[in-house]
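**Student:** all I have is the shape, not the residue letters:
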Ligand code: ATP
């Protein structure tokens, strides 16, 4: 493995009594698309602003290319930032906005003009040099802001919820665009978002934060299928969390007596090293619960409470012993014909379940 481009070591930030960031450590590889994900107030922006140099850490270190950044002022750091609100200069043209960093670096005018055209082309805004930024749509303004941040060729681009003021359709579109631009330039992107879909669809790796602390770091697939806590299981995607007691262990797997289902789930992977008798929780995603109209042996009987059609899937709430279980059935709509109050059997795919601390 090569040396990381950025190393964050035991980083903390306090504002009076508020601990905004609490002992966070991670490495980012060159060329990674790395996201900070978590609910409002979990410390994403504060962490990003410390990397940019706009905030001073209370303790801990940030190293870039092996060098300590503590005393390096923001404008000397080899990073650029794109903000949530379009921070374009309203009294300059699009071209002047994009070329601003090069002008500060005293790059000659003709060279500048060429680079501006190149970077406008990169963000799919070729020919917009002379436009007034206030005449552009929100999505176009954010493309210009991106070109302006990238033109100085920073080693790391910091993006603070850059799509959050766009409408849903545009936001989804821009996800592909951002990923394409990042692939094309191979610049390291650090992306702040509270939107799990955004983080899952774009990132190589995600740092999940909760109340200033790091909850989990991993690929989108790891976070989705191997959550390490109830918070992680619940924050990323939808899930059912059951509670129970370990009834028996067998090598890497355990049997769990589940309170809510009044049944024993067998062969759940024991990633938390639980022992017999321990209280635990089990997370099972709605798509890992199957339906049948006959009892196939290990199934649990329930009653359909509601059926909601989502086009490419149908979601059911099934009541079992007074608890609601969320079930998702994929596939073509015409194959799903289920009615409220109908009795069904649920088969839970325990191979896909995650065992969690109680
Ligand atoms: P959001 O998604 O809402 O922007 P966030 O995860 O980016 O949230 P931060 O903005 O990093 O969270 O804030 C973390 C915590 O630190 C919050 O409790 C916030 O109120 C507090 N905080 C942030 N900046 C300051 C400040 N300048 N002074 C005092 N408290 C602050």
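**Tutor:** Structure's in. What do you need? It should be emphasised that the depicted structure is a prediction, and the values quoted were computed from it without experimental measurement. Residues are numbered from 1 along each chain as shown.
**Student:** rest of the way, CA atoms for contacts and neighbours
**Tutor:** Will do.
**Student:** which secondary structure element of the chain has the lowest mean pLDDT?
**Tutor:** strand 289-292 (a mean of 87; mean pLDDT, DSSP states H and E).
**Student:** need the residues that contact that strand.
**Tutor:** With C-alpha atoms under 8 Å, 6 or more residues apart in numbering as the test, strand 289-292 has contacts from 327-329, 344-349.
**Student:** after it comes which helix or strand?
**Tutor:** strand 300-309 (DSSP states H and E).
**Student:** what's around residue 59, how many residues?
**Tutor:** Other residues within reach of residue 59, judged by other C-alpha atoms under 10 Å, total 15.
**Student:** could you number the chain from 625 rather than 1 from now on?
**Tutor:** Yes, from this point I'll number from 625; that puts the last item at residue 683.
**Student:** from the ligand, how far out is it?
**Tutor:** 15 Å (C-alpha to the nearest ligand atom, to the nearest Å).
**Student:** now swap in residue 690 and tell me
**Tutor:** From residue 690 to the ligand the distance is 25 Å (C-alpha to the nearest ligand atom).
**Student:** give me the number of residues near that residue?
**Tutor:** 12.
**Student:** in the stretch 675-824 of the chain, which spans are strands?
**Tutor:** Secondary structure of the stretch 675-824 of the chain (DSSP state E, counting those that start in this stretch): strands at 683-688, 691-692, 703-706, 780-784, 812-817.
**Student:** same question for the stretch 825-974 of the chain.
**Tutor:** So, for the stretch 825-974 of the chain - with DSSP E, counting those that start in this stretch - the strands run 829-834, 837-842, 864-874, 877-882, 887-893, 903-908, 913-916, 924-933, 937-944, 947-954, 967-972.
**Student:** quick one: strands adjacent to the fourth one?
**Tutor:** Yep, that's strand 877-882 we're talking about. strand 864-874 (antiparallel), strand 887-893 (antiparallel) (DSSP bridges).
**Student:** show me the contacts for the closest residue to residue 835 other than its chain neighbours.
**Tutor:** Residue nearest to residue 835 in three dimensions, not counting chain neighbours: residue 666, with 4.4 Å by C-alpha to C-alpha, 6 or more residues apart in numbering. When contacts are counted by C-alpha under 8 Å, 6+ apart, residue 666 touches 644-645, 833-837.
**Student:** hmm, try it at 6 Å
**Tutor:** Counting by C-alpha atoms under 6 Å, 6 or more residues apart in numbering, residue 666 makes contact with 833-836.
**Student:** out of these, who's nearest residue 734?
**Tutor:** residue 833 (45.4 Å; C-alpha to C-alpha).
**Student:** can I assume that closest one is in contact with residue 839?
**Tutor:** Yes - between residue 833 and residue 839 there is a contact at 5.4 Å, judged by C-alpha atoms under 6 Å.
**Student:** neighbour-wise, which of these two wins?
**Tutor:** Using other C-alpha under 10 Å as the criterion, residue 833 and residue 839 rank with residue 833 on top: 25 against 17.
**Student:** beta partners for that one?
**Tutor:** Residues in a beta bridge with residue 833, per DSSP bridges, are residue 838.
**Student:** and the gap between it and residue 821?
**Tutor:** Noted for residue 833: a distance of 16 Å to residue 821, by C-alpha to C-alpha, to the nearest Å.
**Student:** with residue 672 instead?
**Tutor:** Distance from residue 672 to residue 821, counting by C-alpha to C-alpha: 20 Å.
**Student:** who has more neighbours, the two?
**Tutor:** The residue with more neighbours, out of residue 672 and residue 821, is residue 672; 20 against 14, by other C-alpha under 10 Å.
**Student:** name the SS class of the more buried one, please.
**Tutor:** When classified by DSSP: H, G, I helix; E, B strand; the rest coil, residue 672 comes out as helix.
**Student:** wait, residue 810 touches residue 655, no?
**Tutor:** Yes - at 5.0 Å, residue 810 counts as touching residue 655 under the criterion of C-alpha under 6 Å.
**Student:** what's across from residue 781 in the sheet?
**Tutor:** The partner residues for residue 781, given DSSP bridges, come to residue 704, residue 813.
**Student:** skipping its backbone neighbours, what lies nearest residue 828 in space?
**Tutor:** Per C-alpha to C-alpha, 6+ apart, closest to residue 828 is residue 657, 5.2 Å.
**Student:** look up the residues forming beta bridges with the one you found.
**Tutor:** residue 813.
**Student:** spell out which residues of the chain are next to the ligand.
**Tutor:** Taking C-alpha under 6 Å from any ligand atom as the measure of proximity, the chain contacts the ligand at 639, 644, 664-670, 818.
**Student:** just those residues now: which is nearest residue 714?
**Tutor:** Nearest to residue 714, judged by C-alpha to C-alpha, of these is residue 669 at 25.1 Å.
**Student:** tell me how many other residues surround that closest one.
**Tutor:** 20.
**Student:** now do residue 685
**Tutor:** By the measure other C-alpha under 10 Å, the count of residues near residue 685 is 19.
**Student:** what bridges to it?
**Tutor:** Beta-bridge partners for residue 685, by DSSP bridges, are residue 633.
**Student:** nearest to residue 758, out of the strands of the stretch 675-824 of the chain?
**Tutor:** Using C-alpha to C-alpha, the nearest of the strands of the stretch 675-824 of the chain to residue 758 is strand 703-706, at 17.5 Å.
**Student:** so which elements touch that closest one?
**Tutor:** Judged by 3 or more C-alpha pairs under 6 Å, 6 or more residues apart in numbering; DSSP states H and E, strand 703-706 is in contact with strand 780-784.
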